[in-house]
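Visitor: I'd like to go over a predicted model; first the sequence, then the structure.
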Amino acid sequence: MWGVSAGGGEGSGFFPFGIPLLIWVGVSVAHVVFVIMGLVRAGKGQVFRAPAIPFFGRS
């Protein structure tokens with residue numbers, strides 16, 4: 001997008017900006033899904049624990 005607006009022509013393909021853009025869209029969609037799931041569970045009075053990468057050990 002920046003390359004095209006700066007007069008760089010049509011761009012050089014998918015890789016310079018395509019991969020970060022797809023990651024950003026994927027994370028955004030996952031966030032919205034988890035928020036909706038959390039709201040539904042909270043409305044029922046249940047605790048919602050989203051799946052995550054365990055950075056800290058549970059003791």
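Guide: That came through fine. Numbers count the residues shown, from 1 in each chain.
Visitor: next, the contact list for Val32, please.
Guide: By C-beta atoms under 8 Å, 6 or more residues apart in numbering, no residues touch Val32. In short, each C-beta sits where N, CA and C put it, glycine included.
Visitor: now it: how far from Gly26?
Guide: Separation of Val32 from Gly26 (C-beta to C-beta, to the nearest Å): 11 Å.
Visitor: quick one: average pLDDT of the top helix by length along the chain?
Guide: In terms of residue count, the longest helix belonging to the chain (DSSP state H) is helix 15-43. Helix 15-43 shows a mean pLDDT of 90 in the predicted model.
Visitor: returning to what we had before: joint contacts of Val32 and Gly26?
Guide: If you check Val32 and Gly26 against C-beta under 8 Å, 6+ apart, no residue is contacted by both.
Visitor: any idea how far Phe34 is from Ser28?
Guide: Ser28 is 11 Å from Phe34, by C-beta to C-beta.
Visitor: the two - which one has more neighbours?
Guide: Phe34 (14 against 10; other C-beta atoms under 10 Å).
Visitor: tell me the contacts of the nearest residue to the more buried one once chain neighbours are set aside?
Guide: Take Phe34 and drop its neighbours on the chain: the residue closest to it by C-beta to C-beta, 6 or more residues apart in numbering is Ala50, 5.0 Å away. Going by C-beta under 8 Å, 6+ apart, Ala50 touches Phe34, Met37, Gly38.
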